[in-house]
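S.K.: Make a model of this:
(chains A and B)
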Amino acid sequence: MLTLAFIRENKEIILKGLAVRNFANAEKIIDQVIEKDAFRRTTQTDLDKVLAESNKISKEIGKFYKSGEVQKANLLKEKTSQYKQETKILSEKLSLVETDLNELLYLIPNIPNKLVPSGNSEEDNEVIFQEGDIPKLHKNAIPHWELAKKYDIIDFELGNKITGAGFPVYKGKGAKLQRALITYFLDKNADAGYTEIQPPLLINEASGFGTGQLPDKEGQMYQVGIDNLYLIPTAEVPVTNIYRDVLLKESDFPICNTAYTPCFRREAGSYGAHVRGLNRLHQFDKVEIVRIEHPENSYAALDKMVEHVKCILQELGLPYRILRLCGSDLGFTSALTYDFEVFSTAQNRWLEISSISNFESFQANRLKLRFKNKDGKSELAHTLNGSSLALPRVLAGLLENLQTEEGIKIPDVLVKYTGFDIID
RNA sequence: GGAGAGGUGGCCGAGCGGCUUAAGGCGCACGCUUGGAAAGCGUGUUUAUAAGAGAUUGUAACAAGGGUUCGAAUCCCUUUCUCUCCGCCA
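M.R.: Reported below is the predicted structural model:
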């Protein structure tokens, strides 16, 4: 959520930014916000005046009662009914306009960073980096869902039986490889200075609101209606909400956390070949990194996160590329996002395995996540997060790219975690 | 799940219709004192929002929401969380 002060003072910048996103009716909405905000402020001032007057009278009444001048007190009491009436009308007006304002603010996405290219589809995302050789596979190479069956390491049909589509069962070396990857990612993140967190996997409404899943994206989360809780769609939600309603000191920066969690997504409406196998699941594992930064350092932090993920993919030896997302592909809350994609040789396509974003103060405004700056004023912090990394597609990439006639060769860095070097 | 007790500032803790401008303590910051430190003494120490160039001033906030009242931390209702005991349980 953008702040009112920012909208008031930067209308042109905002309109330019929203144009990069092809955001419709931008000017109309911004004008409405500015108008309603002006009304909100005058109403606030009026209400404060009435309340001040009525507080004053109440105090006088108190004094008269104490000194026994009951008649004078009663006389004043009559005056207060008018103030009460005015207070009621003004505060109703105020809460109404505040509700309207908030609804408008929820419609406005974050303003893209200057680097974000404008665009109409994922075709317009910029490839800014590519590394790793795309392997030449033997002629009997197959996609990962067939490999999973061949070596009996992931059972999709068993998941259908227990739960439904999108809930695979990992077995034997498949389960072990997955666990090895999680531990390896967590160790890499810890080495880079991230503190490991084990958050709850269920969140309440306030948390969903804080990171922007609520009020209108509840359809994408699984709900536990009886207790009014939601299963997390990503560790970002509980880990970022640690800092909801928090006032930090400048010396607290940078805050770097990492968490492994399962993630639950309803993915309503998805279907087809692109969601086959591990490509899109309702439950999947992910290791997330979350940073809270001073506004001056957030872009340097974003670069560090990108370098960190690069280093992991290099070690795993997977061919990957980095995209800078264009305006139309950029998430609602993000100012700048880099997507990492691994090339799946057997599917002959790129698979998204990480998405690293700087939200600037957009999330922090909703979270009320602030810090005391040098002037002693409170200022919104910047939040960033990224996957480091998402398991299923890394697994898919590993299986498909490292398959040989003899079996699937485990990367050297993982062998100490798996305890085996080939799946055959 | 049942019974009881509670939720007050960064922390502890008093207040239980107007003397609260939230006592007192701890912590923290600054100053005095000192060769330096400790102790002692003094001063200061919440957040949000509106107005103002600013110093400041107004308003709101004592778990949350609603109510009673001229006036609520204080009384009433609802919700929520914590603690103790019982029950259940990895």
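
S.K.: these two touch, right, A:Arg21 and A:Pro112?
M.R.: Yes. Counting by CB atoms under 8 Å, A:Arg21 does reach A:Pro112; the two are 6.4 Å apart. (Glycine included, C-beta is placed from N, CA and C.)

S.K.: Common neighbours of these two, please.
M.R.: A:Gly327, A:Leu330 (CB atoms under 8 Å, 6 or more residues apart in numbering).

S.K.: Look up how far RNA strand B lies from A:Phe167.
M.R.: Look at A:Phe167 and RNA strand B: by CB to the nearest atom of the strand, to the nearest Å, they are 23 Å apart.

S.K.: Tell me who's in contact with the closest residue to RNA strand B within the stretch 201-350 of chain A.
M.R.: Nearest residue of the stretch 201-350 of chain A to RNA strand B, counting by CB to the nearest atom of the strand: A:Leu247, 5.9 Å away. Contacts of A:Leu247 were listed using CB under 8 Å, 6+ apart, and they are A:Arg370, A:Phe371, A:Lys372, A:Ser378.

S.K.: got the contact list for the third one?
M.R.: If I follow you right, that is A:Lys372. With CB under 8 Å, 6+ apart, A:Lys372 has these contacts: A:Leu247, A:Leu248, A:Lys249, A:Glu250, A:Ser378, A:Glu379.

S.K.: ok, so of the residues you listed, who is nearest A:Gly174?
M.R.: A:Leu248 (41.9 Å; CB to CB).

S.K.: so which helix or strand takes in the closest one?
M.R.: Per DSSP states H and E, A:Leu248 falls inside strand A:246-249.

S.K.: Tell me the buried residues in that strand?
M.R.: A:Val246, A:Leu248 (16 or more other CB atoms under 10 Å).

S.K.: Okay, now the sheet partners of that strand, with direction.
M.R.: Strand A:246-249 has its sheet partners listed here by DSSP bridges as strand A:369-372 (parallel).

S.K.: starting at the chain centroid, how far to the strand it pairs with?
M.R.: Relative to the chain's own centre, strand A:369-372 is displaced by 19 Å; criterion: CA atoms, centre = their mean, to the nearest Å.

S.K.: Please point out which parts of it sit buried.
M.R.: Buried residues in strand A:369-372 (16+ other CB under 10 Å): A:Leu369, A:Arg370, A:Phe371.

S.K.: How about stretch A:257-270?
M.R.: So, applying 16+ other CB under 10 Å, buried residues of stretch A:257-270: A:Asn257, A:Thr258, A:Ala259, A:Tyr260, A:Thr261, A:Cys263, A:Phe264, A:Arg265, A:Arg266.

S.K.: Can you lay out those as CSV showing distance to RNA strand B and pLDDT?
M.R.: Listed next are these as CSV, based on distance: CB to the nearest atom of the strand, whole Å; pLDDT from 0 to 100:
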residue, distance to RNA strand B, pLDDT
A:Asn257, 22, 94
A:Thr258, 24, 96
A:Ala259, 20, 96
A:Tyr260, 19, 96
A:Thr261, 18, 95
A:Cys263, 22, 95
A:Phe264, 21, 93
A:Arg265, 25, 92
A:Arg266, 24, 89
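
S.K.: Turn those residues into CSV, columns for secondary structure.
M.R.: Below are these laid out as CSV (DSSP: H, G, I helix; E, B strand; the rest coil):
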residue, secondary structure
A:Asn257, strand
A:Thr258, strand
A:Ala259, strand
A:Tyr260, strand
A:Thr261, strand
A:Cys263, strand
A:Phe264, strand
A:Arg265, coil
A:Arg266, coil
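
S.K.: so where's the stretch 251-400 of chain A shaky on pLDDT?
M.R.: For the stretch 251-400 of chain A, the stretches with pLDDT under 70 are A:268-275.

S.K.: For it, which segments count as strands?
M.R.: A:255-264, A:283-293, A:320-324, A:336-344, A:349-358, A:369-372, A:378-380, A:382-390 (DSSP state E, counting those that start in this stretch).

S.K.: out of the ones you listed, nearest to A:Gly407?
M.R.: Closest approach to A:Gly407 among the strands of the stretch 251-400 of chain A (CB to CB): strand A:336-344, 18.3 Å.

S.K.: Quick one: list the elements packing against that closest one.
M.R.: helix A:298-316, strand A:320-324, strand A:349-358, helix A:391-401 (3 or more CB pairs under 8 Å, 6 or more residues apart in numbering; DSSP states H and E).

S.K.: what pairs with it, and is each one parallel or antiparallel?
M.R.: strand A:320-324 (antiparallel), strand A:349-358 (antiparallel).

S.K.: And the contacts of the first one?
M.R.: Put plainly, it is strand A:320-324. Contacts with strand A:320-324, where a contact means CB under 8 Å, 6+ apart, come from A:115-117, A:125-132, A:306, A:310, A:313, A:336-343, A:350, A:353.

S.K.: what about 10 Å?
M.R.: A:113, A:115-117, A:122, A:125-132, A:306, A:309-310, A:312-314, A:329-330, A:336-343, A:350-356, A:397 (CB atoms under 10 Å, 6 or more residues apart in numbering).

S.K.: Are any of these buried, and if so which?
M.R.: A:113, A:116-117, A:125, A:132, A:306, A:309-310, A:312-313, A:329-330, A:336-343, A:350-351, A:353-356, A:397.

S.K.: can you give me how far the helix or strand where A:Gln32 lies is from the chain middle?
M.R.: Element membership of A:Gln32 [criterion: DSSP H and E] is helix A:26-66. Chain-centre distance of helix A:26-66: 36 Å, with CA atoms, centre = their mean.

S.K.: do stretch A:76-93 as well
M.R.: 44 Å.

S.K.: Could you pull out the buried residues of it?
M.R.: A:Tyr83, A:Glu86, A:Thr87, A:Leu90, A:Lys93.

S.K.: C-alpha coordinates for that stretch, PDB please?
M.R.: Taking Å, rounded to 0.1, in the frame of the first residue of the first chain, the C-alpha atoms of stretch A:76-93 are listed here in PDB:
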ATOM      1  CA  LEU A  76     -23.300  23.300  31.100                       C
ATOM      2  CA  LYS A  77     -24.500  19.800  30.700                       C
ATOM      3  CA  GLU A  78     -27.300  21.000  28.400                       C
ATOM      4  CA  LYS A  79     -24.700  22.500  26.100                       C
ATOM      5  CA  THR A  80     -22.900  19.200  25.600                       C
ATOM      6  CA  SER A  81     -25.700  17.400  23.800                       C
ATOM      7  CA  GLN A  82     -25.000  19.600  20.800                       C
ATOM      8  CA  TYR A  83     -21.400  18.700  20.900                       C
ATOM      9  CA  LYS A  84     -22.300  15.000  21.200                       C
ATOM     10  CA  GLN A  85     -24.400  15.300  18.100                       C
ATOM     11  CA  GLU A  86     -21.700  17.000  16.100                       C
ATOM     12  CA  THR A  87     -19.100  14.500  17.300                       C
ATOM     13  CA  LYS A  88     -21.300  11.600  16.200                       C
ATOM     14  CA  ILE A  89     -21.900  13.100  12.700                       C
ATOM     15  CA  LEU A  90     -18.200  14.000  12.100                       C
ATOM     16  CA  SER A  91     -16.800  10.700  13.300                       C
ATOM     17  CA  GLU A  92     -19.200   8.800  11.100                       C
ATOM     18  CA  LYS A  93     -18.100  10.900   8.200                       C
END
